[in-house]
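1. Provided below are the primary sequence and the corresponding predicted coordinates.
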Amino acid sequence: MSVQKSQFTGLILVSGVDSPGITKALFETLAPFAITILDIEQVVIRERLILTALISCNPDHAEAIESDLNECAERLSVDIATSFGVQEGEILAVKKGLVHVVILAKDLHPRAIAAVADAISQEAGNIERIHRTASYPITAIEFTVSGANTTSLRASLATVSNEYSIDIAVSPGGLMRWAKKLVVLDVDSTLIQQEVIELLAAHAGVEEQVKEITGRAMRGEIDFAESLSARVALLAGLPESVISDVRKKIDLTPGARTLIETLHKLGHSVAVVSGGFTAVIEPILLDLGIAHYRANTLEILDGKLTGKTTGEIIDRAAKASALRQFAQAVGVELEQTIAIGDGANDLDMIAIAGMGIAFNAKPAVKAAADSSVSAPYLDSVLYLLGITREEIEEAGATRK
C-alpha cells in the first residue's frame, strides 16, 4: 500500500518549548482547509518539542496555510517552518524488511553513534527512526533501519561494538518481533551472581581446586561432563544440610526478577537450564514462577553427598536439547526462543535459539552469540526485545 504517486504536499516542522495545547492549536489552524494528513511524528526531549506533519492540500491554499501557521507560531511562541511543492513518485510507501538495531551503553559517546550510523550506511541501510528506550541504569537507543540485510549488518556492527565497547543487538522487525517468546536462562553467573558448586566447595575446603576446574570448563578447555564429575567428587562427605546453607548465600543478578516478572506479564515464558544442581536452585526458581527447568542431581546417601550425580548430566548438548523441549512444551518455534548464558556450556543452546545473548560472557561466547550484554543488569535484555524502560515501569516490575 502506498499514497498516490504525485500530489501537492506540505511539510510542517514545529519546534520550541513544549506546553499543553500546541498540537491542538496546530491542527485547529489547519482544520478550515481541505487538507489530508499523510504523516505525523512528535517527540519531546528535555521540554523541547519537535513535531513534524506531512499534509496534502490544494496548491492554491499554500500561501494562506503558511500565513495562518505563522500567526499560530506567534501565539504559541514556537517556530513553525513549512515547505510546499509537488512530489513525484510514492510519497509514503510501506517499508518492508525493517531491521532493529539496539545500542546499550553506560556512557554513550558521539563517535560510537557516528560509527553505528556509518556501518548502517556501508550496508546500504537507511535509518528511518531513532529513539531512546531507556536512560537508566544504562542508556538504550534503538534505530529502525530499512534496506539492510540483518546478517551482514550484524557482522559489520560487531566490529563497532568491540571498538567502542558498547553492546549492539540486531534483529529483524515485523509482527514476529512481538510474538510470544520463550527465554531460556543459564543460572550460575547469569540468573544468579555466584557459582553454586563453588559455594558448596567452600564448605568442603576445596574451593580453589573447584574454581580452577570450573574456569577451564567455561573456557572450553575441557569437557563439561568430565569437569563436573571431577568437581563433584571433591564434595564427597559433605552433609546434606550444606544445601540449605548454600541457598541462603545466593544472590539474584541485578534485574533478574524484573526481567522475569516483565516477561511473564507480557505473556512470554521463562525457563532455566543449569549445569548446577536442582536441590540448590529449585526453591529459588519456584519463587520466581519458573515452571520449566533442568539441572543436575546430586546423589545423597545417609544424609551425605556421595561425590556423584545421578541421571542425565546437563552439559552443552543437554542444554540445547532442553531448549527444544521447552519450546515445544510452551508452543513456540525455535525462531521465537532466546538463550542467555555466559560460558562454553551455553554455546549449543545459544547457537540454535532465535536470538543468542552472551551475558557478561567469555570471549568465545560473545563471538558466537547474536548479541551481548556487558552491563551487570539482566533486565537489559528487555531493551533488546524492543521493550522500553517506561513500559517496564508501567508493568509494575520493581527493579530487583
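-> Looks like it arrived, so ask away. Numbers count the residues shown, from 1 in each chain.
2. could I get the full set of strands for the stretch 51-200 of the chain?
-> 79-88, 99-105, 126-134, 139-146, 167-172, 182-185 (DSSP state E, counting those that start in this stretch).
3. ok, which of these comes nearest residue 380?
-> strand 99-105 (5.7 Å; Cβ to Cβ). Just so you know, the C-beta spots here come from the backbone N, C-alpha and C atoms, and that holds for glycine as well.
4. for that closest one, name the packing helices and strands.
-> Where contact means 3 or more Cβ pairs under 8 Å, 6 or more residues apart in numbering; DSSP states H and E, strand 99-105 is packed against helix 110-122, strand 139-146, helix 150-164, strand 167-172, helix 381-384.
5. please work out which of the ones you listed is packed deepest.
-> Mean neighbour count (mean count of other Cβ atoms under 10 Å) peaks for helix 381-384 among those, with a mean of 26.
6. following element in sequence after that helix, please.
-> helix 389-394 (DSSP states H and E).
7. would you indicate which residues of that following helix are buried?
-> 389, 392 (16 or more other Cβ atoms under 10 Å).
8. mean confidence score for that helix?
-> Average pLDDT, helix 389-394: 88.
9. ok, residues contacting it?
-> Helix 389-394 has contacts (Cβ atoms under 8 Å, 6 or more residues apart in numbering) with 133-136, 140, 258, 262, 379, 382-383.
10. how far does that helix sit from its chain's centre?
-> Remark: helix 389-394 is offset 14 Å from the chain centroid, using Cα atoms, centre = their mean, to the nearest Å.
11. ok, stretch 291-302 next?
-> 31 Å.
12. as a quick check, tell me the outermost residue of the chain.
-> Largest separation from the mean C-alpha position in the chain: residue 60, at 49.5 Å (Cα atoms, centre = their mean).
13. and that one, how far from residue 87?
-> 17 Å (Cβ to Cβ, to the nearest Å).
14. cool, and residue 71?
-> From residue 71 to residue 87 the distance is 26 Å (Cβ to Cβ).
15. of those two, who's got more company?
-> Between residue 71 and residue 87, counted using other Cβ atoms under 10 Å, the more crowded position is residue 87 (18 against 11).
16. show me the beta-bridge partners of that one.
-> residue 7 (DSSP bridges).
17. kindly report the same for residue 45.
-> Where residue 45 sits in a bridge, its partners, by DSSP bridges, are residue 48.
18. show the model's pLDDT score for it.
-> Residue 45 is given a pLDDT of 91.
19. how close does it get to residue 15?
-> Taking Cβ to Cβ, one finds residue 45 at 11 Å from residue 15.
20. more neighbours: which of the two?
-> Between residue 45 and residue 15, counting by other Cβ under 10 Å, residue 15 is the more crowded of the two (15 against 9).
21. the more buried one contacts residue 79, doesn't it?
-> Yes. Under the criterion of Cβ atoms under 8 Å, residue 15 makes contact with residue 79 at 5.0 Å.
22. turn the helices and strands packed on strand 99-105 into a markdown table, including distance to residue 198 and mean pLDDT.
-> Converted to a markdown table, these look like this (distance: least, Cβ to Cβ, whole Å; pLDDT from 0 to 100):
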| stretch | distance to residue 198 | mean pLDDT |
| --- | --- | --- |
| helix 110-122 | 36 | 97 |
| strand 139-146 | 32 | 96 |
| helix 150-164 | 30 | 93 |
| strand 167-172 | 27 | 93 |
| helix 381-384 | 25 | 94 |
